[in-house]
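Novice: coords please:
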Amino acid sequence: DYRKNEAPRFVSLGAAVFLRSISINANTSERILTLAFEDAHGKEVLCQFERKNLTETGIMQLLGKGVQVTKKTAGVLITSILNQEPDAPSEIRHMELGFGYFDEKQVFFGYSAIGIESNYNGNLLIQPTGSFDAWKEMVQTEVLGTNLETIVAIAAAAPVIDFLKAEIHTGNIIASLVAESSTGKTTAGCLAVSLGSKCSFAGDSMVTTFADSKNSLMRSIYSSYPMLIDEGSLIRYNPTSLIYELAEGKEKGRLNKELEKADARTFSTAILMTSEKSILNLCDENTGLYVRCLEFENVVWTSSAESADNIKKVCERNYGFAIPFIAEHLLTADRDELIERFWDYQKKIVEHVRTREKNTPLTERISKSVAMILLAADVFVEATDIELDVPRICAFVVENTMISEEKMLDIGQRALEYLRQYIAVNDFKFVKGKPDTNEWTAVPPDCKGRLQNIRPKLLPDGKRAMQEVLLPEIVFEEILVMGGFPDKKVVLKKLKDAG
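Specialist: Numbers count the residues shown, from 1 in each chain. Next up is the predicted model:
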């Protein structure tokens, strides 16, 4: 405090506030300041404070923490903190996971970043724990030679998808494991998760259930780390939009408090879902869902209850090693060679399906997901020195998914089959016979249309038709909607193309 014609003198404005350290967010470049001060009782207090709040308005937030600051002294406190910045120690931290860029260089953000000195600043249990050798021994003993090899390959695809997302647009791989209890599907999911984190249902890992809301599910998923969503039997809604969002890796757009478009969270990874009933059967009959979600039905994943228990036991104590190993391998690998290998796999898969005369218009699209799984299996072998049987994995995926099921991938055929089943079950709701003849029945109370015999007609698929059904347009639309076919124009076009 200076007055004219008087010697300078010190006037206390409050207890000193010291800048102990600066934490830099590697994902956003924003700074968090660690401030230290003594409260009114002389007790030292540490608090985290965002640097962007070093304004005369924002600094007043420290008042609630115990700092002695007023509007009049806010400017002095801000200047004091800024003056301490050059001498304060700093460290880089990250909150997001997966591949990203820092100083124009691609790096990997895991528990400890690769390519940059940064540590994870979050609550997820992704720190490598236990022994990789113990986990490796379990995989070699309980997994190799079984269907679980495919699960390991799918989980290993998580960082590969993230690493190559700019060059190869497969979307996220979604694998739905559908079977009765005691088939090892949850064990398979836990094995997948153990590549990157602890298999925990406490909300601190890459595991959640369908009991959570859709928004919660979308915000629980992180790039490069395989995710398990358990208990599909808990779904009480039409999950069509959720499957599309999971496959795209982007949450639904929304507005913030200021009615401006909020940043939508994105992720690139592999997601496993478990259920005792088909999740696709709960969705609309959109063919795109069969491309985005690989559903494995009635597969026994573990060889015995003893084997399942051993896998879970080892994964609970040893986890989080494989994903960082794969990420480190990818950062040093030849990117062009990986891409070339992917397209080579995709081409071979399509040719394999065609030789079996089961090619469909969507085979090429689905084969991209399968090719990514096979490429991931290769990368897993190279990064961990654990040998997976890639041809066996390829055969298993092709055999147990819809890649070669023409009827299931044709919305017209699925709609026609549903119509047949509806008419067979509701036969009593139809008038029988041709109009203006003696061949007729009374009009039922809830009449849906008319069934009448015709001269045998040879259809394009080689079958003979001997009966036709006449439906009012409104009834036709009603039946399609009940069956999960919301767009009648798409169905009619497919049926017309099929003759």
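Novice: quick one: low-confidence parts of the stretch 351-499 of the chain?
Specialist: 357-359, 361, 402-410, 434-441, 461, 498-499 (pLDDT under 70).
Novice: show me what counts as buried in the strand or helix carrying Thr208.
Specialist: Element membership of Thr208, judged by DSSP states H and E, is strand 207-209. Buried residues in strand 207-209, counted by 16 or more other C-beta atoms under 10 Å: 207-208. The way it works is simple: take the backbone N, C-alpha and C, and place the C-beta from them, glycine included.
Novice: where do the strands sit along the stretch 101-250 of the chain?
Specialist: For the stretch 101-250 of the chain, strands defined by DSSP state E, counting those that start in this stretch occupy the ranges 105-109, 119-120, 173-178, 207-209, 227-230.
Novice: right, and the ones you listed - which one's nearest Leu282?
Specialist: strand 173-178 (10.7 Å; C-beta to C-beta).
Novice: ok, that closest one: who's next to it in the sheet?
Specialist: Strand 173-178 pairs in its sheet with strand 270-275 (parallel), strand 293-297 (parallel), by DSSP bridges.
Novice: tell me which of those sits most buried.
Specialist: Ranked by mean neighbour count under mean count of other C-beta atoms under 10 Å, the strands paired with strand 173-178 are led by strand 270-275, which reaches a mean of 26.
Novice: in its sheet, what does the strand holding Thr208 sit against?
Specialist: Note on strand 207-209: by DSSP bridges, its sheet partners are strand 227-230 (parallel).
Novice: follow-up on the earlier one: nearest to Leu458, of the strands paired with strand 173-178?
Specialist: strand 293-297 (34.0 Å).
Novice: which SSE is immediately downstream of that closest one?
Specialist: Using DSSP H and E, the first helix or strand after strand 293-297 is helix 305-317.
Novice: what does that following helix rub up against?
Specialist: Residues from elsewhere that reach helix 305-317 (C-beta atoms under 8 Å, 6 or more residues apart in numbering): 129-130, 134-135, 138, 141-143, 148, 182, 184, 187, 190-191, 193-194, 198-199, 302.
Novice: swap in stretch 255-273?
Specialist: Contacts for stretch 255-273 (C-beta under 8 Å, 6+ apart): 98, 151, 154-155, 157-158, 161-162, 165, 172-177, 188-189, 192, 210, 218-219, 221-230, 232, 246, 249-254, 279.
Novice: of those, which count as buried by neighbour count?
Specialist: 98, 151, 154-155, 157-158, 161-162, 165, 172-177, 188-189, 192, 210, 218, 221-230, 232, 246, 249-251, 279.
Novice: re earlier: so for the strand holding Thr208, mean pLDDT?
Specialist: Mean pLDDT, computed over strand 207-209, is 94.
Novice: got the buried residues for stretch 23-39?
Specialist: By 16+ other C-beta under 10 Å, the buried positions in stretch 23-39 come out as 23-27, 31-35, 37-38.
Novice: ok so, going back, out of the strands paired with strand 173-178, name the one with the poorest average pLDDT.
Specialist: Minimum mean pLDDT among these: strand 293-297, a mean of 92.
Novice: all helices of the stretch 301-450 of the chain, in order?
Specialist: Listed in chain order, the helices found in the stretch 301-450 of the chain under DSSP state H, counting those that start in this stretch are 305-317, 322-332, 335-355, 363-384, 390-400, 406-409, 411-425.
Novice: bridging residues for Leu294?
Specialist: With DSSP bridges as the rule, Leu294 is bridged to Ala175.
Novice: how far away is it from Glu167?
Specialist: Distance, Leu294 to Glu167, using C-beta to C-beta, to the nearest Å: 22 Å.
Novice: same thing with Arg414?
Specialist: 34 Å.
Novice: and Ile173, by the same measure?
Specialist: 16 Å.
Novice: kindly report the same for Gly100.
Specialist: 16 Å.
Novice: got it, and Ile311?
Specialist: Applying C-beta to C-beta to Ile311 and Glu167 gives a distance of 34 Å.
Novice: make a PyMOL selection of the buried ones in the contacts of helix 305-317.
Specialist: Restricted to buried positions by 16+ other C-beta under 10 Å, the PyMOL selection for the contacts of helix 305-317 reads:
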select buried, resi 129+130+135+138+142+143+148+184+187+190+191+193+194+198+199+302
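Novice: now, the contacts of helix 305-317 that are in helices?
Specialist: The helices, defined by DSSP state H, take in 134-135, 138, 148, 187, 190-191, 193-194 from the contacts of helix 305-317.
Novice: TSV for these, including distance to Asn426 and pLDDT?
Specialist: What follows is the ones in helices among the contacts of helix 305-317, written out as TSV (distance: C-beta to C-beta, whole Å; pLDDT from 0 to 100):
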residue	distance to Asn426	pLDDT
Ala134	59	97
Trp135	55	98
Met138	53	97
Leu148	44	97
Thr187	42	95
Cys190	44	96
Leu191	45	97
Val193	45	97
Ser194	49	97
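Novice: using TSV, please lay out those residues together with distance to Lys43.
Specialist: Listed next are the ones in helices among the contacts of helix 305-317 as TSV, based on distance: C-beta to C-beta, whole Å:
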residue	distance to Lys43
Ala134	45
Trp135	45
Met138	49
Leu148	55
Thr187	50
Cys190	45
Leu191	49
Val193	42
Ser194	43
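Novice: closest to Val397 out of these?
Specialist: Checking those one by one against Val397 (C-beta to C-beta), the nearest turns out to be Leu148, at 13.2 Å.
Novice: hmm, Ala188 and the closest one touching each other?
Specialist: Yes: using C-beta atoms under 8 Å, Leu148 makes contact with Ala188 at a distance of 6.0 Å.
Novice: any common contacting residues for the two?
Specialist: In contact with both Leu148 and Ala188: 301-302, using C-beta under 8 Å, 6+ apart.
Novice: distance-wise, check Ala424 relative to Tyr418.
Specialist: Noted for Ala424: a distance of 11 Å to Tyr418, by C-beta to C-beta.
Novice: wait, which of the buried residues of stretch 23-39 is closest to Glu477?
Specialist: Nearest to Glu477 out of those is Asn27 (C-beta to C-beta; 48.1 Å).
Novice: on that earlier part again, higher neighbour count, Arg414 and Glu167?
Specialist: Using other C-beta atoms under 10 Å as the criterion, Arg414 and Glu167 rank with Arg414 on top: 20 against 11.
Novice: what is the burial count for the nearest residue to the more buried one once chain neighbours are set aside?
Specialist: Of all residues not flanking Arg414 in the chain, Glu285 sits nearest, at 5.6 Å (C-beta to C-beta, 6 or more residues apart in numbering). The number of residues packed near Glu285 is 21, by other C-beta under 10 Å.
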